[in-house]
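Trainee: need a 3D model of the following:
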Amino acid sequence: MERFTISLDEKLARQFDDLIRQQGYQNRSEAVRDMLRQRLEAERLRKEDAPYCTASVSYVYNHHERDLASRLTNLQHDHHDLTLSTMHVHLDHDNCLETVILRGPTAQVRSFAESLIAERGVRHGQFNLVPVDHDVQHHHHGEHVHSHPKT
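Mentor: Residues are numbered from 1 along each chain as shown. Below you'll find the model as predicted:
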């Protein structure tokens, strides 16, 4: 572990301490590490220097909307190579929340996530991409993918 020291004016230090306390951090070091990871990964994605990623896509939709549930399911089947899992939650009589976990080439994952969110009738869509190192492992019981966060 490498240590470094930073200096903050009193006001900024107080605001930072308030923020990390609200977010449940036990100390400044954990908060700074998370902030650095987030910024490094965002920069990798911005520079398109993250060929592979894992992602979560969440959205709300009205399941009574004409053919929307089947359109969303068909999109996921059309991208079965990227879709790892889907969780479906009934929020009330009309509305559902789905979260889809994806893994694969970043450009393809981003495009698929955007297409899910852009589907007519989908509301409150958001996605989070996490760049990963993507290793195909060959074992005696078959081949599978290991994904390791870059930071």
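
Trainee: what are the boundaries of the helices in the protein?
Mentor: Using DSSP state H, the helices assigned to the chain run over residues 10-22, 28-46, 68-78, 106-118.

Trainee: which stretch in the ones you listed has the least confidence?
Mentor: Note on the helices of the chain: lowest mean pLDDT is at helix 28-46, with a mean of 83.

Trainee: got the contact list for residue 17?
Mentor: residue 28 (Cβ atoms under 8 Å, 6 or more residues apart in numbering). To be clear about C-beta, it is placed using only N, CA and C from the backbone, and glycine gets the same treatment.

Trainee: how close does it get to residue 52?
Mentor: Separation of residue 17 from residue 52 (Cβ to Cβ, to the nearest Å): 36 Å.

Trainee: what's the burial count for the closest residue to residue 102 other than its chain neighbours?
Mentor: The shortest distance from residue 102 to any non-neighbouring residue, by Cβ to Cβ, 6 or more residues apart in numbering, is to residue 55 (4.4 Å). Neighbour count for residue 55, taken as other Cβ atoms under 10 Å: 21.
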